[in-house]
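Enquirer: Structure for the following, please:
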Amino acid sequence: MRATKKRTITMVTAVMMLLILLSPITAGGKQEEAAKPAPIEEVTDPMAAYDPAITVTTYFEIEPPLAEFFSKERIMNNIFQKKYLEELGINLEYAWFAAQSDEDSVQKKNIAIASADIPDIMMVNKEQLALLSRSDLINKNMGAYFEKYASDHLKEWMYQEGTSAMDSATFNGEIIAIPSTDSSIDTSSFLWIRNDWLKKLGLAVPETMDELYDVMVAFRDDDPDGNGKDDTLGLILHKDILTQRGMSDAGDGLGLFNGFGAYPRAWVKGSNGNLVYGSVQPQIKDALSFMNKLYDQGLIEEDFAVKDLMKVSELSASGRAGIQYGAMWNAMWPLQSTIDNNPEADWTPVAIPSATGAPGKPQIKLNIPYYYVVSSKAEHPEALIKLLNFFVEKFAYIPVDEYAQYLVTDTGIPSFALHDTMFKTYNALKNLEAYWHVSDAFDKGDTSALNAEELNYYNSIVSYLEGDLGMAGSVKTFGEGGAFTTMDYYYANDLFEMDQFFGAPTDTMKKRLQIIKDKEIEYFTKVIIGVASIDTFGSFVQELNTLGLDKITEEVNAWYSNR
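Expert: Reported below is the predicted structural model:
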């Protein structure tokens with residue numbers, strides 16, 4: 001039954017550890033006196049326009065899906081660019097353009113920081129924020145500007161997971177940046193399974209690891225696709241079983257580990273109250289032993305360790321596999337391809353099976369991809385807050401017909417909902433709330449309470465029910481029985497295991513963590529394919545400690561005790 005009462009997520013709330021103060025970063029290594037922040041004036045309308053208009057410098061990162069369609073002309077004629085000037089009196093000038101997640105963009109930001117020549121507003125990662133916290137390059141009074149200028153909706157969104165988002169932007173007791181928030185619960189894992197195969201073989205949805213194993217064997221041996229060939233698999237798995245982003249992907253192994261109470265690459269509370277690194281806890285051994293069993297019995301592809309995400313996604317399209325762990329969005333991709341090739345295919349997302357006797361608890365992490373910082377020389381620090389106010393209001397609180405002008409409609413360009421803008425943030429429960437609202441609309445037969453995005457999901461489900469199989473992904477995400485039905489179950493029962501560390505990378509992390517991660521995935525893979533024995537786990541842990549894990553653990557707990 002769908003939970004109708006919203007609950008408050010119990011999330012970690014912490015403040016950043018005090019860092020050793022460094023000399024301000026300036027060109028040529030000379031120390032300059034920081035520009036004094038502009039006075040914070042009283043404001044009655046958080047959306048009030050500047051008159052006359054002001055110019056704010058920033059830069060533009062192009063999201064990867066749209067990179068091939070990028071042109072400066074398209075950005076300068078973007079609906080947001082026009083509306084910022086028309087409705088806010090803000091003219092944006094871009095110091096550079098670069099692809100998001102591209103080394104070029106990281107380099108440009110690092111050079112700007114090192115040369116003490118940053119634009120008025122810049123979007124930085126956590127490590128860059130930590131560096132800037134020790135300089136006079138940025139305005140460190142952003143908490144006060146936020147309190148004065150943020151709209152009620154922006155404040156509601158920023159604190160929907162408690163104070164953890166703002167805490168992560170707090171250094172030496174001051175909020176020095178504004179987080180670009182996203183949903184932490186949306187980083188959790190699900191088990192995606194072919195329900196049509198279960199029905200054909202007379203099997204129930206697996207709730208335990210033993211039951212999951214039995215279903216895998218049946219999917220391999222009992223010809224669930226009915227083609228008379230020995231060509232089906234037990235489990236889709238790709239080489240990066242722990243994922244690069246530390247959140248659920250498609251065909252990864254996080255959900256399987258979580259089913260054993262194991263939380264690789266997450267910092268969890270140990271028995272003594274301190275934080276411990278999940279990858280070296282005893283539960284990992286149980287998960288790896290199980291995966292080795294699957295591999296030995298041919299339930300995982302023999303060459304999975306050399307296949308990336310894109311390669312294993314072909315297994316979904318081919319119809320050879322019926323089980324994978326993954327994210328809430330997997331119905332959109334890659335699983336929609338199965339339905340495209342076989343209209344009878346029915347991928348269903350369910351809660352991760354458990355080996356512990358208790359419900360499985362998927363791991364999640366504080367989901368803040370970036371932070372917005374404002375130059376200490378900027379004349380209008382509050383402009384950042386107004387730009388974020390604008391996105392929040394246009395994204396969720398305007399009439400459907402007005403929202404339509406923000407959608408991508410250019411011929412040949414895929415629709416990714418809104419035109420792109422650098423200034424955006426999302427409320428943590430946006431997608432779960434969309435599921436609640438869409439479900440209520442179907443229950444009541446009334447769509448008047450839906451915002452534009454929710455109405456789009458509603459209409460997509462209606463289209464599917466009327467025969468458009470291309471909309472199956474929407475049904476399996478936001479429809480009853482879809483991913484957010486299971487997400488609602490996780491949420492209602494407080495089944496998320498939150499990564500307890502969300503501070504800036506520690507000194508030893510910056511030097512040694514990638515080496516540790518590389519050794520980690522190497523060892524895990526060797527155990528799974530049987531090259532290494534699980535009996536060597538203790539030696540593996542010792543090796544990681546020698547590589548710096550013990551020192552990192554010490555630094556993480558120093559942060560944790562001062563949160």
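Enquirer: alpha carbons only for contacts and neighbour counts from here, please
Expert: OK.
Enquirer: tell me the mean pLDDT for stretch 515-524?
Expert: The predicted model gives stretch 515-524 an average pLDDT of 97.
Enquirer: Go through it and flag the buried ones.
Expert: For stretch 515-524, burial by neighbour count (16 or more other Cα atoms under 10 Å) applies to 516, 517, 519, 520, 521, 523, 524.
Enquirer: any idea how far it is from the chain center?
Expert: Relative to its chain's centre, stretch 515-524 lies at 22 Å (Cα atoms, centre = their mean, to the nearest Å).
Enquirer: Would you mind putting the CA coordinates of it into CSV?
Expert: C-alpha atoms of stretch 515-524 as CSV (Å, rounded to 0.1, in the frame of the first residue of the first chain):
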residue,chain,number,x,y,z
ILE,A,515,45.1,4.2,-5.0
ILE,A,516,43.0,2.5,-2.3
LYS,A,517,40.0,2.4,-4.6
ASP,A,518,42.0,0.9,-7.4
LYS,A,519,43.3,-1.8,-5.1
GLU,A,520,39.8,-2.4,-3.8
ILE,A,521,38.2,-3.1,-7.1
GLU,A,522,41.2,-5.2,-8.2
TYR,A,523,40.9,-7.4,-5.1
PHE,A,524,37.1,-7.6,-5.2
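Enquirer: quick one, phi psi at the residue of the chain most remote from its centre?
Expert: Most distant residue from the mean C-alpha position of the chain: residue 228, 40.7 Å away (Cα atoms, centre = their mean). Phi and psi for residue 228, reported as degrees, to the nearest 10, are phi 80, psi 10.
Enquirer: Distance of residue 250 relative to residue 279?
Expert: 20 Å (Cα to Cα, to the nearest Å).
Enquirer: The two: who's more crowded?
Expert: The neighbour count for residue 250 versus residue 279, taken as other Cα atoms under 10 Å, is higher for residue 250 (29 against 21).
Enquirer: Please report phi then psi for the more buried one.
Expert: phi -140, psi 120.
Enquirer: Apart from its chain neighbours, what residue comes closest to it?
Expert: Sequence neighbours aside, residue 326 is the residue nearest to residue 250 in space, at 4.2 Å (criterion: Cα to Cα, 6 or more residues apart in numbering).
Enquirer: For the stretch 451-563 of the chain, which segments count as strands?
Expert: For the stretch 451-563 of the chain, the strands defined by DSSP state E, counting those that start in this stretch occupy 497-498.
Enquirer: Spell out, range by range, the helices that occur in it.
Expert: 452-465, 472-478, 483-492, 507-529, 537-544, 550-561 (DSSP state H, counting those that start in this stretch).
Enquirer: How far off centre is the shortest one?
Expert: Here the centre of helix 472-478 is set off from its chain's centre by 19 Å, with Cα atoms, centre = their mean.
Enquirer: Who are the packing partners of that helix?
Expert: Judged by 3 or more Cα pairs under 8 Å, 6 or more residues apart in numbering; DSSP states H and E, helix 472-478 is in contact with helix 336-341, strand 347-350, helix 430-444, helix 452-465, helix 483-492.
Enquirer: The fifth one too?
Expert: Packing partners of helix 537-544 (3+ Cα pairs under 8 Å, 6+ apart): helix 507-529.
Enquirer: gap between the helix it packs on and the chain center?
Expert: For helix 507-529, the distance to the chain centre is 22 Å (Cα atoms, centre = their mean).
Enquirer: that older thread, and residue 264, which of the helices of the stretch 451-563 of the chain is closest to it?
Expert: Evaluated with Cα to Cα, these place helix 507-529 nearest to residue 264, the distance being 9.4 Å.
Enquirer: The closest one vs helix 550-561, what angle?
Expert: Between helix 507-529 and helix 550-561, the angle comes out at 120 degrees (axes from the mean of the first three to the mean of the last three Cα atoms, to 10 degrees).
Enquirer: packing partners for helix 507-529?
Expert: Counting contacts by 3+ Cα pairs under 8 Å, 6+ apart, helix 507-529 packs against helix 283-296, helix 537-544, helix 550-561.
Enquirer: Determine which stretch of those helices is the most buried.
Expert: Highest mean neighbour count among these (mean count of other Cα atoms under 10 Å): helix 283-296, with a mean of 20.
Enquirer: about what we covered before: OK, contacts around the residue farthest from the centre of the chain?
Expert: The contact partners of residue 228, taken as Cα atoms under 8 Å, 6 or more residues apart in numbering, number zero.
Enquirer: can you count the residues close to the nearest residue to residue 54 once chain neighbours are set aside?
Expert: Among residues not flanking residue 54 along the chain, residue 90 sits closest, at 5.2 Å (Cα to Cα, 6+ apart). Residues within reach of residue 90, counting by other Cα under 10 Å, total 23.
Enquirer: and what of residue 470?
Expert: The burial count for residue 470: 16, using other Cα under 10 Å.
Enquirer: mind listing what it touches?
Expert: So residue 470 contacts 336, 339, 340, 464 (Cα under 8 Å, 6+ apart).
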